[in-house]
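K.L.:
Predicted model and sequence follow; I will ask about them next.
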Amino acid sequence: ADFNYGADEYDAEGNEEPKALPEGSETMPYIDESPTMSPQLSARGQESGDGVSPTPTDGLGTGGERDAGKGLEMRKLVLSGFLASEEIYINQLEALLLPMKPLKATATTSQPVLTLQQIETIFYKIQDIYEIHKEFYDNLCPKVQQWDSNVTMGHLFQKLASQLGVYKAFVDNYKIALETAEKCSQSNYQFQKISEELKVKGPKDSKESHTSVTMEALLYKPIDRVTRSTLVLHDLLKHTPADHPDYPLLQDALRISQNFLSSINEDIDPRRTAVTTPKGETRQLVKDGFLVELSEGSRKLRHVFLFTDVLLCAKLKKTAVGKHQQYDCKWYVPLADLVFPSPEESEHCPQVHVIPDHELEDMKMKISTIKSEVQKEKANKGQSRAIERLKKKMFENEFWLLLNSPAIPFRIHNRNGKSYLFLLSSDYERSEWREAIQKLQKKDLQAFVLSSVELQVLTGSCFKLRTVHNIPVTSNKDDDESPGLYGFLHVIVHSAKGFKQSANLYCTLEVDSFGYFVSKAKTRVFRDTTEPQWNEEFEIELEGSQSLRILCYEKCYDKTKVNKDNNEIVDKIMGKGQIQLDPQAVQTKNWHMDVIEMNGIKVEFSMKFTSRDMSLKRTPSKKQTGVFGVKISVVTKRERSKVPYIVRQCIEEVEKRGIEEVGIYRISGVATDIQALKAVFDANNKDILVMLSDMDINAIAGTLKLYFRELPEPLLTDRLYPAFMEGIALSDPAAKENCMMHLLRSLPDPNLITFLFLLEHLKRVAEKEPINKMSLHNLATVFGPTLLRPSEGESKAHLTLASDIWSHDVMAQVQVLLYYLQHPPISFTELKRNTLYFSTDV
C-alpha cells in the first residue's frame, strides 16, 4: 500500500475544492503547521488523550521501528506516496499555467480578455513554483524507483526548503490574486468560462485522463502544499535512523519549513479589534459575556473576555459617578495552558450548591409583581422617584436570580495547577464558549506570563473592546425594546435529517426568560438512526421570551462518563440553532411549521402560542433495549452466546437461500424492510424466524451490514485501528503475518469469534463467485469499512488531517479485510494456542 500525502483525490466528478476557510479570515487561509502525521504511519496515542497505547505491544509500534531495516522500508513508503502527490501537484500547476500564455497574447490586442497587470497579479510566482517542484520531482523520482538502503535525498528536501521565499511572495499576493480573479470573472464572461473549468492531467497510472477544477481551487494548492511537505518531513525523520547521512539534512529542512509556516501565519492573521501588547503581538477580542463564577464557595458575576491567545476573567470596578469605568482582572489563563477537565477529573472541584426550585420560583413571582407595579405607576403618570425605587428593587431581585439560577458546570483548568468553575444556565452557551476556545487552540499557541504592565494594558482595553455592555436582566432594557412573549409556547419537535452516521439522538429546547436562557423540554432518545422521528409535543412557559433554541444531542450511555452531579451534561452536542420568536408570526391559532439548520442538520418543528392557562408538561424518556447500536460484548453476554443471535440468523438465512444471489451484499435491500427487521431484532420478537423466511434476501443481507455499521465501536475496535493500518502497510510477508495474527489475538473474545464466524461465511459466498459475481475483493470492499471504520470520536482525529488521506484510509480498510479473506482458515483455538510461539516483535 502506498500512502498519499496530498494527492487530491480524483473522484469521478473531479471534485476538488479548497478546504473551508476559517471564519473571519476572509480569503486568507490559516496554515496548519501542527506536526500531525498521516493516520497510516502514526500510532494515534497522542490524540487519544487517555494514555492508552493504541498498539497492543511495543513491538508493533515504535519499538519495532527502531530496526533500521523497517525504518528504511517505511521511508520508501512515505516517499513513494509523496512522489505520487508531487506528480499531481505539478499537473495542477501546469493546468494553472496553461491559460496564461494565450491570455498574455490577447492582452496586447484590441480585444484583451485581461490586462497584463491582471495576468501578472493572478498568476504571480506560479511559474517559479512550478519550476522548483519540477526539478525536485525529476531528481527524486529515479532515487525512489531504484531504491536501496544507501539512497540519500535529504539534500533535495533541504534545497526545496531553501526556496520557500517564493512561497512567501505567493502567500503575500494570494488574497489580491483571488480578488482580482473574482472581479475579472464577474466582468468578463470569457475569463469566467476559463476559470471555472481548468483541465488537470490525471496521474500516469490513472484511468482518468483529465479532471475539471476551478481556478480558485488551484490557487489554493500552493498554500496547502507547504503544510503537506512539512508533514512528510516529520514522517521521513521518524523513519530515518539518526546515524543516516540524511538525518541532519531533513532536520534542517523541517526547521526551515516550520519557521516559514509560523511566519506566514503571523502575517495573515486578521486584525479585528486588535490590542497590541508591548511585545508588538496582535491580539483580538473573539468573544465576551457575563458568566457566574463559583469563587471561594460563593457565586460572583464576572465579565469574561476571550482573546486569540488568552481567557481573561474580570469584574467591573465600582467607580464614582462621572469617572471612567474600569475592569479589574481576577485571573487569566493562556489558551496554550487551558484544558477542559472531564467530569471524572474534576471531582476535587467544589460541589455546586444548587438553590431549590421553589426559591427561584418565589423570586420570579416577586419580580413579576414588581413589573406590574411599575406598569401601573407609569399608566397613572406616577412619580419618577417611586418608579426608580421599584426598578432598583426589581434589578436587585433579577440580579439575585441571575446569580443563583445557573447550575450547569463549565470547568476551566490551567495546566499549571489552578482550576476555575463557572455556572451556566444554558448548555447552548457552554458549548459556544467551549467551541470558540477549541477553535483558537487549533492554532500554534505559546504559553506565556503577562507582566503587570501588560496585564494592565490588556484589562484596560476590555472596556472599549467589549461587545456585551449590560448585565442581561430585563430591568436594563429600554422602555421601547420588545418586552418579549408571556404565555405558553406549544412546540412539536417532528424530526431531523442530515446526520452522517447513526446515533442515539434527542433534542432539548431552551428559551430566554428573565434575561437568560433555560432548558425547558427534552424529547425522548431516538435510538440508532440518522433520521430520528420524535413527533413529540411540549408546552413551554414563556416569561418575556424572545428566542427559542434547539439543541440536538447524541446520548452517552457510557456509565464511566456520567457524573454523579445531576447537572453535568456529558452527551455530545451534534448541532444547535435558534430562532427569534416573532409575536406576529407566533400568535395565531394555527400551527406554524419551521426548520432550524445547524451543522448540516435540519430539525423540523411546529409551534403556536397561547395565553397562560395550562401548566408545563413533560414527556418522560422511554427506556429502550435492543441489539443495534449496543456493544457486542453486552449483547453476547445478555444472550449468553458467543456470536450475536442477529449475526447467526442473518448468515444462516443468506447461506440457505441467498448464496447464489447475484450481487449479494452489494445490492441494497428495501430500506423499510431493513428497518422492519431492525425493529424486530431490537424487540427480540418471537416472530423473527417467520419474518426472516418471508423477507427479501437483500434486506436480510442489508440488516446484517447495518448491524455492523451501527455498532458503537467497529468490530475490529477503535483501540487497534491504527495498528491494523500500520500492519497492512508492512512489506515483509513474515512480519505482516506475525503482526496481523497478533492483532487478531488482541481483540476481545466476542469480537474475535464473531469476526472469524463472518470471515468463513464470506469465504463461502466467494466460492460461488461464478454465479453470484461476488469475489473476495468485492466482499472486502463492502465489509472492510463497515468492520474497521473508526467510531465518530475516533474518526475525527483522522478527518482533520486531509480528506484525500481519508480515502486512502478506506482503501487500507479494504486491504485489511482482504488479507484475512485470502488467508488460510484461521481458528480461534489455534490463534490462542499460538500466542506462545509468535514473537510480538515486528
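P.N.:
Great, that's in hand. Predicted model, so just to flag it, every value in this text is computed and none were measured.
K.L.:
Which stretches in the stretch 351-500 of the chain count as strands?
P.N.:
Using DSSP state E, counting those that start in this stretch, the strands of the stretch 351-500 of the chain run over 408-414, 419-424, 485-497.
K.L.:
Ile659 - how many residues pack around it?
P.N.:
For Ile659, the neighbour count with other Cβ atoms under 10 Å is 17. For the C-beta atoms, the positions are set from N, CA and C on the backbone; glycine is no exception.
K.L.:
what does Pro785 give?
P.N.:
18.
K.L.:
now the one 3 residues further on
P.N.:
As a burial measure, the neighbour count of Leu788 was computed by other Cβ under 10 Å and equals 23.
K.L.:
Name the nearest residue to Val166, sequence neighbours excluded.
P.N.:
Spatial nearest neighbour of Val166, chain neighbours left out: Asp128 (4.9 Å); criterion: Cβ to Cβ, 6 or more residues apart in numbering.
K.L.:
My error: substitute Leu704 in the last question.
P.N.:
Cys650 (4.0 Å).
K.L.:
got the buried residues for the helix or strand hosting Glu655?
P.N.:
Assessed by DSSP states H and E, Glu655 sits inside helix 645-657. Within helix 645-657, the residues scored as buried using 16 or more other Cβ atoms under 10 Å are 645-651, 653-654.
K.L.:
Would you mind pulling the contact partners of it?
P.N.:
627, 639, 641, 664, 681, 688-689, 692-693, 697, 700-701, 703-704, 707, 754, 757-758, 761, 764-765 (Cβ atoms under 8 Å, 6 or more residues apart in numbering).
K.L.:
In strands, which of those residues appear?
P.N.:
Residues of the contacts of helix 645-657 located in strands (DSSP state E): none.
K.L.:
Out of those residues, which end up buried?
P.N.:
Buried by 16+ other Cβ under 10 Å: 627, 664, 681, 688, 692, 697, 700-701, 703-704, 707, 754, 757-758, 761, 765, out of the contacts of helix 645-657.
K.L.:
so which of these would you say is closest to His210?
P.N.:
Ile664 (36.3 Å; Cβ to Cβ).
K.L.:
just checking, the closest one touches Val765?
P.N.:
Yes: assessed by Cβ atoms under 8 Å, Ile664 is found in contact with Val765 at 6.4 Å.
K.L.:
Check which helix or strand Phe609 maps to.
P.N.:
Per DSSP H and E: strand 601-610 holds Phe609.
K.L.:
Of the strands of the stretch 351-500 of the chain, which is nearest Asn397?
P.N.:
Between the strands of the stretch 351-500 of the chain, strand 485-497 lies closest to Asn397; by Cβ to Cβ that is 17.3 Å.
K.L.:
any idea of the mean pLDDT in the helix or strand following that closest one?
P.N.:
Sequence order places strand 503-513 as the next helix or strand after strand 485-497, per DSSP H and E. For strand 503-513, mean pLDDT is 89.
K.L.:
other SSEs contacting the top helix by length along the chain?
P.N.:
Assignment by DSSP state H gives helix 68-97 as the longest helix of the chain. If you count contacts as 3 or more Cβ pairs under 8 Å, 6 or more residues apart in numbering; DSSP states H and E, helix 68-97 packs onto helix 62-65, helix 126-145, strand 198-201, helix 215-238.
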